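In: coords please:
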Amino acid sequence: MANLAPNQILSVQGSFPPESTPSHRRRPVRVLFVHRDADAIDCCLQELEKGQFAVRSDLVLNLAQCAAQLRTQSYDVIIVEYPSPSFKGSQALQLLHQTAQEIPLIFLTFGIGIESIAELAAQGAFEYVELEHIAQLPMAVRRALNEKKLRAELQEAEKALRHSQSLYRALVDNPSYGICRCEAGGKLLDVNQALLTMLGYESKAELLAANRASEIVLDLGERKPLAGSFPEAARVEPIEMEWKRKNGTVLKARLSGRDAFDEHGNFNGCEIIVVDITEQRTLEEQLRHQASSDSLTGLANHRRLFEALQAELCRSKRTGREFSLVLLDLDGLKQINDQYSHLAGDRALCRLGQILRDCCRTVDTAARHGGDEFAVVLPETCIAAAALVGRRICEFLERDAEEPVLSVSVGIASYPRDADTIGTLLYAADKALYAMKSQKPQTLRRASAMHGH
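Out: Residues are numbered from 1 along each chain as shown. This is a model prediction of the structure:
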């Protein structure tokens, strides 16, 4: 390793694509490295260049320098050495997150074990790339930038919805806000054009005839008035619900408004503001899916895997029922890449991912653990039943007619039979996997060793 001097801060220029490259790729990606090894940084820049990134990067050696650098320069992503002597333990990780604020963090790891990965996961650091699998870095950076963009779009959407609302009459003609008034018994009295458009009705008379207010009032609550018995408590807290449009499609709406009272303080109806949040909820769902899914195979990623393991561990402690973990390692992936191309290697990973989906129940969680490693979490499943699942996966691969022929090594462990924590459960399954791999032909073991085992 070529280590840098303690007080050294470097600025490194990555190569830029030609002018014919689309504009979004010509814009340089600003990267801050918190790393001591110049050779590792060179490897990162080379892989990012292969991934068609234009990179401008700076280098600092510790957390203090990182904080100082962020005060003078903005960055798209921060790549951090882990483990590092400059910060240790959960408090240092929390401080790093606070320092980075909204900037995505990617941990560049080397030789860390399952427990260290679990520690990163527990602190919310789900993006990491192992140095021996540095080719995955461009994908991790692209995913981090996409998530950052979606998060910014989501914040803008929420900011727009939180924007201060003006007087009721100013809202009536605003196409973004549906308005309706109903009497104390729930009958609609008036609606604006925006609400007609949201619900797909041609005219006010048609909607009034359908009298949709009855479902609105029931959804807001059985009580009348909605917010209280006196005008001072007349404002209704916003709620969300799903309505059916005239054509049967779903409208996701956020409702707010106020109760109406007569001059004697008696409740005589309500005025409701309706905001269509269907697109916002769709964007949020896309963000959640991207954050928990592997971009290549579509399976759960390592973040979702740890969440599923934690959920099953808590359930098992509560119910006393065991669950099992199946670890799988795709044999000879590097050999497939070398002989057939990396595209065939990606296809092999996707083929295995599809077989895992075919072999899983809806309650199971199939995940890509990283690289050529996969995992399946089987709730309320004993180790004997989990062994049948592993055998079925192998049989499905044997019957797969697509070339090249694929095989996997399988390791199985159950909780609490084999372990009492997530880390020890992963270790037990990993140990069983390598026991199976060691029994395979020597040529296969050599192929496996070539890609990092």
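In: contacts and neighbour counts: CA atoms only from here.
Out: OK.
In: What strand or helix carries Arg142?
Out: helix 137-161 (DSSP states H and E).
In: can you list the residues that contact that helix?
Out: 44, 47-48, 51, 53, 76-77, 103-104, 106, 127-129, 280, 283-284, 287, 290-291 (CA atoms under 8 Å, 6 or more residues apart in numbering).
In: And for stretch 390-398?
Out: Residues lying outside stretch 390-398 but in contact with it, judged by CA under 8 Å, 6+ apart, are 326, 352, 355-356, 359, 405-408, 410.
In: what about 10 Å?
Out: Stretch 390-398 has contacts (CA atoms under 10 Å, 6 or more residues apart in numbering) with 326-328, 351-352, 355-360, 376, 384-389, 400, 405-412.
In: Buried among the contacts of helix 137-161? Need that as a selection in ChimeraX.
Out: For the buried members of the contacts of helix 137-161, the matching ChimeraX selection, counting by 16 or more other CA atoms under 10 Å, is:
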select :44,47,48,51,53,76,77,103,104,106,127,128,129,280,283,287,290,291
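In: sorry, back to before: mind checking how far the helix holding Arg142 is from the chain centre?
Out: Centroid separation for helix 137-161 versus its chain: 11 Å, with CA atoms, centre = their mean, to the nearest Å.
In: Buried residues of it, list them for me.
Out: Result for helix 137-161 [16+ other CA under 10 Å]: buried residues 137-138, 140-141, 143-145, 147-148, 150-151, 154, 161.
In: repeat for stretch 372-391
Out: 372-383, 386-387, 389-390.
In: State the pair within these that is farthest apart.
Out: Asp372 and Glu380 (26.4 Å; CA to CA).
In: Okay, and His369 sits in which element?
Out: Per DSSP H and E: strand 365-370 holds His369.
In: Tell me which helix or strand the closest residue in space to Val191 that isn't next to it in sequence sits in.
Out: Nearest residue to Val191 in three dimensions, chain neighbours excluded: Cys180, at 4.3 Å (CA to CA, 6 or more residues apart in numbering). In the assignment (DSSP H and E), Cys180 maps to strand 177-183.
In: likewise Gln290?
Out: Assigned by DSSP H and E, Gln290 falls in helix 278-292.
In: okay, the angle between the following helix or strand past that helix and helix 278-292?
Out: Using DSSP H and E, the helix or strand that follows helix 278-292 towards the C-terminus is helix 302-319. With axes from the mean of the first three to the mean of the last three CA atoms, to 10 degrees defining the directions, helix 302-319 sits at 90 degrees from helix 278-292.
In: What helices and strands are in contact with helix 302-319?
Out: Secondary-structure packing of helix 302-319 (3 or more CA pairs under 10 Å, 6 or more residues apart in numbering; DSSP states H and E): helix 114-122, helix 278-292, strand 323-330, strand 365-370, strand 373-378, strand 408-415, helix 422-438.
In: Can you check the pLDDT for Val55?
Out: On pLDDT, Val55 comes in at 90.
In: which outside residues touch the helix holding Gln290?
Out: 126-127, 143-144, 146-151, 153-154, 157-158, 161, 242, 250-254, 277, 295, 298-305, 307, 367.
In: Alpha carbons of that helix, as PDB, please.
Out: Output of helix 278-292 as PDB, limited to C-alpha atoms (Å, rounded to 0.1, in the frame of the first residue of the first chain):
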ATOM      1  CA  THR A 278     -50.700   9.900  -6.000                       C
ATOM      2  CA  GLU A 279     -47.500  10.800  -7.900                       C
ATOM      3  CA  GLN A 280     -45.700  11.700  -4.600                       C
ATOM      4  CA  ARG A 281     -46.600   8.300  -3.100                       C
ATOM      5  CA  THR A 282     -45.500   6.600  -6.300                       C
ATOM      6  CA  LEU A 283     -42.100   8.500  -6.100                       C
ATOM      7  CA  GLU A 284     -41.700   7.500  -2.400                       C
ATOM      8  CA  GLU A 285     -42.400   3.800  -3.300                       C
ATOM      9  CA  GLN A 286     -39.800   4.000  -6.100                       C
ATOM     10  CA  LEU A 287     -37.300   5.400  -3.600                       C
ATOM     11  CA  ARG A 288     -38.000   2.700  -1.100                       C
ATOM     12  CA  HIS A 289     -37.800   0.000  -3.700                       C
ATOM     13  CA  GLN A 290     -34.500   1.300  -5.000                       C
ATOM     14  CA  ALA A 291     -33.100   1.600  -1.500                       C
ATOM     15  CA  SER A 292     -33.900  -2.000  -0.700                       C
END
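In: Show the average pLDDT along that helix.
Out: Computed over helix 278-292, the average pLDDT equals 81.
In: From the chain's centroid, how far away is it?
Out: That offset, for helix 278-292, works out to 9 Å (CA atoms, centre = their mean).
In: Name the helix or strand for Leu352, please.
Out: Going by DSSP H and E, Leu352 is part of helix 342-359.
In: mean confidence score for that helix?
Out: Helix 342-359 comes out at a mean pLDDT of 93.
In: Likewise for stretch 245-259?
Out: 84.
In: Only the buried residues of that stretch, if you could.
Out: 245, 251-259.
In: same thing with stretch 189-209?
Out: 191-196, 198-201, 207-208.
In: Quote the end-to-end distance of stretch 348-367.
Out: The first and final residues of stretch 348-367 sit 15 Å from each other (CA to CA, to the nearest Å).
In: Show me how far that stretch is from its chain's centre.
Out: The answer for stretch 348-367 is 18 Å, by CA atoms, centre = their mean.
In: quick one: buried residues of it?
Out: For stretch 348-367, by 16+ other CA under 10 Å, it's 348-353, 355-357, 359-360, 364-367.
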